[in-house]
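Asker: Sequence below, structure please.
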Amino acid sequence: MNLPSIIKQSIIALKANKLRSAISILGIVIGVAAVVLILSLGQGLKGLVTNEIEAFGPNMLDIAINIPGASQIGTVASMAQGIKITTLNLDDVKDLKDKSRFPYIEAVSGQAIGQEWATYQNKEKKSLFYGCGADFPVIYKMAKIGKGRFFTEDEDNSLAKVAVLGSGLAEELFNQAEPLGKKVKLKGQNFKVVGVLEPQGMFSSFGGIDMNNFVYLPLQTALKEVLGIDYLSEIVLMVKGEEYLPQAQEEIARLLRRNHNITDPDKDDFMITTMGEILEQVNEISVILNLLLGFLAAISLLVGGIGIMNIMLVSVSERTREIGLRKSLGATKKDILGQFLIESLVITGSGGVIGIFLGVSSSLLGGLAARTQGLAWPLIISWLAILIAFFVSMAIGLIFGIYPARKAAQLSPIVAMRRE
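Answerer: Residues are numbered from 1 along each chain as shown. Purely as a prediction, here's the structure:
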C-alpha cells in the first residue's frame, strides 16, 4: 500500500472516532499553545524591560547601596526585611560634581523616593514623590518638560518647596485648569508647581509604576523637609561617552571607599553598574526564566503525548478484527505500522497547528491588554518557540505512536480475525 492510501485510511479511521480524536488533539493544542504563549510573553517582558533601561542611555552609571559582602539578590532581600544602608549621602554627590576631579562627568543626580498623599483643594491621590537633583532631566532623556520648567540647583540648595508633576498626576489633580503657580500639599506642606512633564508614553511604566503619576521634588527638600533623613537610595550620573565608563567606575569606586572609610573592596557598601551590565543581567535572567517556563509548558505536551498513546492502544484493541482482515488481504506489517503512526502524527500535527494559532493569538491579545494598562509592551512572537513547539509535538506523536503501531503490526491475522 502506498503512502497516500495509508494517509487516507488513517484519516477515515480518525473520523470514525471524532470525539476520541478531538480529545487527543486537545491535549496537544493546550501544550503547544502554552509553550508559544509563555515564551512569546517572556520575550515581550524582556523587550519591555530592555526598552525602559535603554531610555536612560548607554552613558549612564548607577550607584546603588549594597550590603557589604552580600550579593545583589541578597541586598534586595535584606532591604525588604528592613535593613538600611545609610552611607550614600549628599557629600558623595557633591564630590562627584567636582569638575576638577571628574571632568568627564556631565550630570549627577542623587535620588530618594517616598510615598505621600498629593492634595489640591478637594482632590487627592497617593503618589510616589521622587527627590532628585536638577540634572535629572539631562540623565533621564524621557523626562521632558511640557509646561513651565524643572527646578534649579539653587532651589535644591535652598530647600525650596517647589515641585514638578508628572502629566498623569497633573491631569488628575487639576483636570483642565492651569497647574503652574498652584500649590500641591504633601505631608502637610505646600509645594509650588513650577513645571509639568510631558507624557512619557510607552516608557512611562518603569518596574510596574507609572512615572506619569510622580511628584518630582528637589533632592535636599525631599530628604530634609519630607523624609527627614540624610542618606540616599541611589545616585545616577552621565559621562561624556561610553569610553569613559571603565575609568569612571574605577575612580568613583576609589572616591566612595575613601568617603565611607572602606579599605577592603570586598566590603564595599555600594555597587556601580553600567546600563550595558544591567542589560546583560536582564538577558541572563530572561534566558533562565524562558527555559524554566518552557520546561513547565513542555510538561503539558508530555501529558498530551501519554494521552495519545493511551488512545491509540485503545484504538488498536478495538480494531483488532480490522487489522486481521487487512493483513489477510495482503497488508504488510509495514503498512499497519505506517497507518497507526500516521494517525498519531495527524493528531499531533493538527493539534500543533491549532495550538500555534491559539498561542500566537493569546500572545498578541496579552500584549495589547498590557498596553491598555500603560505598559510599553512590545508585540513579539517567538518564532523559535513556534518551530520548537511544532516539531516537539510531531516528535511526541512519533514517539508515543510507535508502541501502539508496533503492537498493531505484530498481531497475527488468524488470532486477530478470531477476536470478538
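Asker: by contact count, what packs against the helix ranked longest in the chain?
Answerer: When every helix of the chain is counted residue by residue (DSSP state H), the longest turns out to be helix 275-318. Packed against helix 275-318, as judged by 3 or more C-beta pairs under 8 Å, 6 or more residues apart in numbering; DSSP states H and E, are the following elements: helix 18-54, strand 60-65, helix 333-372, helix 383-409. For glycine as for every other residue, the C-beta is placed from the backbone atoms N, C-alpha and C.
Asker: Give me the contacts around the shortest one.
Answerer: Under the criterion C-beta atoms under 8 Å, 6 or more residues apart in numbering, residues 75, 79, 85, 87-88, 92, 139, 232-239, 245, 248-249, 252, 256, 269-275, 278 lie in contact with strand 60-65.
Asker: residues contacting E155?
Answerer: Residues in contact with E155 (C-beta under 8 Å, 6+ apart) are A134, V162, P218, T221.
Asker: Looking at the helix or strand hosting it now, give me its mean pLDDT.
Answerer: Using DSSP states H and E, the secondary-structure element containing E155 is helix 153-157. Rounded to a whole number, the mean pLDDT of helix 153-157 is 93.
Asker: Adjacent strands (with direction) for the following helix or strand past it?
Answerer: Toward the C-terminal end, the helix or strand that comes next after helix 153-157 (DSSP H and E) is strand 162-165. Applying DSSP bridges to the sheet, strand 162-165 is found paired with strand 189-197 (parallel), strand 215-218 (antiparallel).
Asker: okay, now F102: neighbour count?
Answerer: With neighbours defined by other C-beta atoms under 10 Å, the count for F102 comes to 20.
Asker: Test my guess that it contacts Q249.
Answerer: No: taking C-beta atoms under 8 Å as the definition, F102 is not a contact partner of Q249, at 11.9 Å.
Asker: Now the common contact residues for these two.
Answerer: Taking C-beta under 8 Å, 6+ apart as the contact rule, F102 and Q249 touch no residue in common.
Asker: coming back round to it: from the chain's centre, how far out does the longest helix of the chain sit?
Answerer: 18 Å (C-alpha atoms, centre = their mean, to the nearest Å).
Asker: for stretch 266-277, same thing?
Answerer: On the basis of C-alpha atoms, centre = their mean, stretch 266-277 is displaced by 23 Å from the centre of the chain it belongs to.
Asker: about what we covered before: buried sites along the helix holding E155?
Answerer: Within helix 153-157, the residues scored as buried using 16 or more other C-beta atoms under 10 Å are E155, D156.
Asker: Spit out the contact partners of the residue lying closest to V303 once chain neighbours are set aside.
Answerer: By the measure of C-beta to C-beta, 6 or more residues apart in numbering, the closest residue to V303 outside its immediate chain neighbours is G27, 6.5 Å from it. Contacts for G27 were tallied using C-beta under 8 Å, 6+ apart; they are S300, V303, G304, G305, G307, I308, G351.
Asker: Could you pick out the buried ones from those?
Answerer: For these, a burial check counting by 16+ other C-beta under 10 Å picks out S300, G304, G305, G307, I308, G351.
Asker: for L41, what are its contacts?
Answerer: Taking C-beta under 8 Å, 6+ apart as the criterion, L41 is in contact with S363, G366, G367.
Asker: Report how many residues lie close to E124.
Answerer: Here the neighbour count serves as a burial measure; for E124 (other C-beta under 10 Å) it reads 14.
Asker: what about it, which SS state?
Answerer: Put simply, E124 is strand when judged by DSSP: H, G, I helix; E, B strand; the rest coil.
Asker: F102 too?
Answerer: Put simply, F102 is coil when judged by three-state DSSP.
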